[in-house]
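In: this one's sequence-less:
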């Protein structure tokens with residue numbers, strides 16, 4: 001975990017110094033900082049990153065504008081840092097590629113905890129893959145009639161169309177495909193997909209559910225596959241349940 005590369009893009013020097021101090025105390029060695037979007041992208045392209053902490057209000061561009069550009073270049077976990085607290089701001093952050101959204105002021109120890117949780121999940125997924133026998137491929141093809149998720153190819157097919165799907169929405173859909181006709185609460189889905197119980201925001205799950213429905217449902221406003229179970233959560237229905 002201490003070999004992880006962390007990129008902090010924020011023009012508030014005191015906040016950057018505070019986060020960097022805590023992260024180094026927690027054992028992280030490779031930390032890069034930038035105070036504007038242009039420098040942040042340069043560092044990302046030059047050094048890469050496993051975690052990106054991105055401020056929304058930067059002097060040259062907004063973090064929301066930078067998000068899609070980052071996503072085009074990197075699969076790093078993108079955590080927005082901002083004083084903007086409205087639901088619209090949160091939804092925008094997730095819609096443009098963010099994986100998490102932390103509002104200022106915050107405890108830097110919480111930032112460190114979120115980073116560790118995301119890195120642990122990445123390590124766990126790599127470990128599961130490495131334990132598979134050389135001739136065995138546990139990945140499957142999930143056929144729900146109206147759509148097919150091919151885990152081996154990493155594709156979502158809707159009818160005859162290969163449907164692009166953001167990485168986090170794909171991971172959520174994959175989890176649901178593996179567990180059809182089971183109701184999961186938002187917190188259960190957050191923990192299963194994002195790997196951090198207790199600090200997730202319900203909006204994270206809701207935004208990605210919406211993204212999935214926009215892709216797999218004939219009418220996203222009246223879903224057939226990914227259903228809301230009032231007061232309980234969500235379930236992906238298959239077979240005679242559709």
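Out: Cool, got the structure. Here the structure is a predicted model, which means the values were calculated and not measured.
In: Just the helices from this structure, written as ranges.
Out: Counting by DSSP state H, the segments of the chain that form helices are 13-25, 37-47, 63-73, 87-95, 108-131, 167-178, 186-194, 202-216.
In: Give me the residues contacting the third one.
Out: By that I understand helix 63-73. The contact list for helix 63-73, computed with C-beta atoms under 8 Å, 6 or more residues apart in numbering, reads 9, 37, 40-41, 44-45, 52, 54-58, 76, 78, 80, 82, 92-93, 96-98, 166. No exception for glycine: its C-beta is placed from N, CA and C like everyone else's.
In: what's the burial count for the nearest residue to residue 62 once chain neighbours are set aside?
Out: In space, residue 62 comes closest to residue 56 once its chain neighbours are excluded; the distance is 5.9 Å by C-beta to C-beta, 6 or more residues apart in numbering. Residues within reach of residue 56, counting by other C-beta atoms under 10 Å, total 22.
In: repeat for the one 5 residues further on
Out: Residue 61: 15 surrounding residues under other C-beta under 10 Å.
In: and what of the one 4 residues further on?
Out: Residue 65 is flanked by 13 other residues according to other C-beta under 10 Å.
In: and the gap between it and residue 160?
Out: The spacing between residue 65 and residue 160, counted by C-beta to C-beta, to the nearest Å, is 34 Å.
In: Equivalent analysis for residue 179, please.
Out: Distance check for residue 179 against residue 160: by C-beta to C-beta, it reads 27 Å.
In: quick one, phi psi at residue 165?
Out: With angles defined as degrees, to the nearest 10, residue 165 shows backbone torsions of phi -140, psi 130.
In: my read: it touches residue 174, true?
Out: No - in this structure, residue 165 is not within contact of residue 174 by C-beta atoms under 8 Å, at 9.8 Å.
In: quick one, which of these two is more surrounded?
Out: Here residue 165 and residue 174 are compared on neighbour count by other C-beta under 10 Å; more neighbours surround residue 165, at 23 against 19.
In: If you drop the residues flanking it in sequence, what lies closest to the more buried one?
Out: Excluding its sequence neighbours, the residue lying closest to residue 165 (C-beta to C-beta, 6+ apart) is residue 156, at 4.8 Å.
In: wait, the one you found sits on residue 216?
Out: Yes - applying C-beta under 8 Å as the test, residue 156 and residue 216 come out as touching, 7.5 Å apart.
In: Next, name the residue at the spatial heart of the chain.
Out: In the chain, the residue lying closest to the centroid (C-alpha atoms, centre = their mean) is residue 99, at 3.4 Å.
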